[in-house]
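[1] How does the following fold in three dimensions:
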Amino acid sequence: MTKFDEATRAIRVDDQTYDVCLDNGFSIGGPLNGGYLMAAMLRAVVDESPHEHPVSTSAQFLRVARPGAARVRVERIKTGRTAAVSRATLIQEGQAVVEALVTTATLDPDAVPVWSDGPSARMPEPDECVRLPDPKPESGLTLNHQIELRFDPPTVGWLKGEPTGRPEMRAYFRLAEPQDPDPYVLALAVDAMPPVVFSAGMRGWAPTVELTWHLRALPAPGWLTVIGSGRLISDGWFDEEVEVWDSAGRLVAQSRQLARLGRG
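    Numbering: from 1, shown residues only. Got it, this is the predicted structure:
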């Protein structure tokens, strides 16, 4: 079992309750990454469901989650032949931290698209992309050690004080440890990049308020291409849309989130 699998493991307590141990390795300066939290919750939902794959997840982030013991409570709302709907709540110290509605289904790994659009932006080859500098130990950015991101150079110009002025971020993504991507890795991937507003010239922690993502296909082994963009930055809020493509050129995940503008 890899570190990611272990860090997202959900242990059944009863028909509706699962224990999880939230891992400090997926922290962003203290708070835990939202994609990581969704992955842990989805382990419990899929275990409780008659279907294998979390095809749609809509999560409300109510409080900051910290490393340590937590529970996932799963309530089945609907069960059908092709899909089931569940409500999942991540609970820590007696308080709801994340509330999610999850639709599960069983995808065909050999499905061939009837029609598919292409990526919204063209990426250079991975060896032409750049890695961010390692964070200082005191920063608490432990997530950076669990994943590998190689960025399209223009979208990290903000590091040198040269943002593009547009909310955008593009990178190749994979886990730092050898592991093929799966639906739980995709849950992390859709929320793994720095906020797109960094490229618009803004900085600071930008907490996610709501995130919805869709699993569109089961990913092939290899790099994932993650393309993020925003449509509006206003009144202390911004949106972020992400598309994820696998090494076979298939769209495997889509997400949209609403977040607060960073401070600091």
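
[2] ok, which stretches of the stretch 101-250 of the chain are strands?
    Listed in chain order, the strands of the stretch 101-250 of the chain (DSSP state E, counting those that start in this stretch) span 147-151, 168-175, 208-215, 224-229, 233-234, 237-245.

[3] quick one: strands adjacent to the fourth one?
    Here strand 224-229 is paired, per DSSP bridges, with strand 168-175 (antiparallel), strand 237-245 (antiparallel).

[4] quick one on the thing from earlier: can I get the strands of the stretch 101-250 of the chain in CSV with mean neighbour count and mean pLDDT?
    (Each C-beta comes from the backbone N, C-alpha and C, glycine too.) Formatted as CSV, those follow (neighbours: other CB atoms under 10 Å; pLDDT from 0 to 100):
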stretch, mean neighbour count, mean pLDDT
strand 147-151, 20, 97
strand 168-175, 23, 98
strand 208-215, 20, 98
strand 224-229, 23, 98
strand 233-234, 12, 96
strand 237-245, 21, 98
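
[5] ok, G157 - how many residues close by?
    Residue neighbour count, defined by other CB atoms under 10 Å, stands at 16 for G157.

[6] Repeat that for the one 3 residues further on.
    K160 is flanked by 7 other residues according to other CB under 10 Å.

[7] Tell me the pLDDT of it.
    Per-residue pLDDT puts K160 at 92.

[8] What of the one 5 residues further on?
    Looking at G165, its pLDDT is 96.

[9] Endpoints of stretch 143-155, how far apart?
    With CA to CA, to the nearest Å as the measure, the ends of stretch 143-155 fall 20 Å from one another.

[10] All further residue positions should be reported with the first residue as 51.
    Sure thing, new numbering starts at 51, so read that last one as stretch 193-205.

[11] can you pull out the helices in the protein?
    Applying DSSP state H to the chain gives helices spanning 53-57, 84-98, 233-239.

[12] Quick check: Q307 touching T262?
    Yes. Q307 lies in contact with T262 (CB atoms under 8 Å); the separation is 7.4 Å.

[13] With distance to G118 added, can I get the strands of the stretch 151-300 of the chain in a markdown table?
    Listed next are the strands of the stretch 151-300 of the chain as a markdown table, based on distance: least, CB to CB, whole Å:
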| stretch | distance to G118 |
| --- | --- |
| strand 197-201 | 21 |
| strand 218-225 | 22 |
| strand 258-265 | 20 |
| strand 274-279 | 29 |
| strand 283-284 | 34 |
| strand 287-295 | 28 |
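
[14] quick revisit: let me have the strands paired with strand 274-279 in TSV, adding distance to C71 as columns.
    Below are these laid out as TSV (distance: least, CB to CB, whole Å):
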stretch	distance to C71
strand 218-225	19
strand 287-295	27
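
[15] Can you say which of those is nearest to L238?
    For L238, the closest of the strands paired with strand 274-279 is strand 218-225, at 8.2 Å, according to CB to CB.

[16] tilt between that closest one and strand 197-201?
    140 degrees (axes from the mean of the first three to the mean of the last three CA atoms, to 10 degrees).

[17] Now for V206: which residues touch it?
    Contacts here follow CB atoms under 8 Å, 6 or more residues apart in numbering; on that basis V206 touches V180, L182, M219, S249.

[18] cool, T154 as well?
    Here T154 is in contact with 95-96, 99-105, 133-136 (CB under 8 Å, 6+ apart).

[19] R113 too?
    R113 neighbours (CB under 8 Å, 6+ apart): Q142, Q145, A146, V147.
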